[in-house]
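K.L.:
sharing a model that was predicted from the sequence below.
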Amino acid sequence: QVQLVESGGGMVQAGDSLRLSCSVSERSSSLLAMGWFRQAPGKEREFVATISWSDISPYYADSVKGRFTISRDNAIDTVYLQISSLKPEDTAVYYCAASSIVTQMPRTTRGYYDNWGQGTQVTVSS
């Protein structure tokens, strides 16, 4: 079982930036892809961004393109989510996810990932 630990969340104001981190318990090169999802109060968990071991171009949800950047540091087995120009509607619990098994599910879906972190809260005030 892959352990994922998110950090970097907090309470910020609209327009601020934040960098979330996800520490992975095993060599990231053994994983197929990493992703970030978020869940706002009363809403379903939604896809935010994904990056794979070999991808040059990460993939983002349309709602976050241009403001969110996913990256990974394989040397320290950590994935990041840089968020800029935060909006109140970005308020959510942000989850890191990892895929360690081959599946036909798209990388933008929850079913693609078999490992999840506990989440980190991001609260954006206007």
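P.N.:
That came in fine, so what should we check first?
K.L.:
not counting its neighbours along the chain, what's nearest the residue most central in space within the chain?
P.N.:
Among the residues of the chain, the one closest to the centroid is residue 36, at 1.9 Å (CA atoms, centre = their mean). Beyond its immediate neighbours in the sequence, the residue positioned closest to residue 36 (CB to CB, 6 or more residues apart in numbering) is residue 48, lying 4.3 Å away. The C-beta positions use only the backbone N, C-alpha and C, and glycine is treated the same way.
K.L.:
ok, residue 34 next?
P.N.:
Per CB to CB, 6+ apart, closest to residue 34 is residue 79, 4.5 Å.
K.L.:
ok, now which ones touch that neighbour?
P.N.:
Shown in contact with residue 79 (CB atoms under 8 Å, 6 or more residues apart in numbering): 21, 22, 24, 28, 34, 36, 51, 70, 71, 72, 73, 96.
K.L.:
neighbours of residue 41, how many?
P.N.:
Using other CB atoms under 10 Å, residue 41 has 7 other residues around it.
K.L.:
and if you look at residue 75?
P.N.:
7.
K.L.:
are we agreed that it is in a helix?
P.N.:
No - going by DSSP: H, G, I helix; E, B strand; the rest coil, the assignment for residue 75 is coil, not a helix.
K.L.:
distance of it from residue 121?
P.N.:
Separation of residue 75 from residue 121 (CB to CB, to the nearest Å) stands at 28 Å.
K.L.:
that older thread, who does the helix or strand hosting the residue nearest to the centre of the chain pair with, and is each partner parallel or antiparallel?
P.N.:
Assigned by DSSP states H and E, residue 36 belongs to strand 33-39. Within its sheet, strand 33-39 is paired with strand 46-52 (antiparallel), strand 92-99 (antiparallel), according to DSSP bridges.
K.L.:
now residue 63: phi and psi?
P.N.:
Backbone torsions of residue 63, given as degrees, to the nearest 10, read phi -70, psi -20.
K.L.:
what separates it from residue 23, distance-wise?
P.N.:
Residue 63 sits 26 Å away from residue 23, going by CB to CB.
K.L.:
got it, and residue 67?
P.N.:
For residue 67, the distance to residue 23 - CB to CB - is 23 Å.
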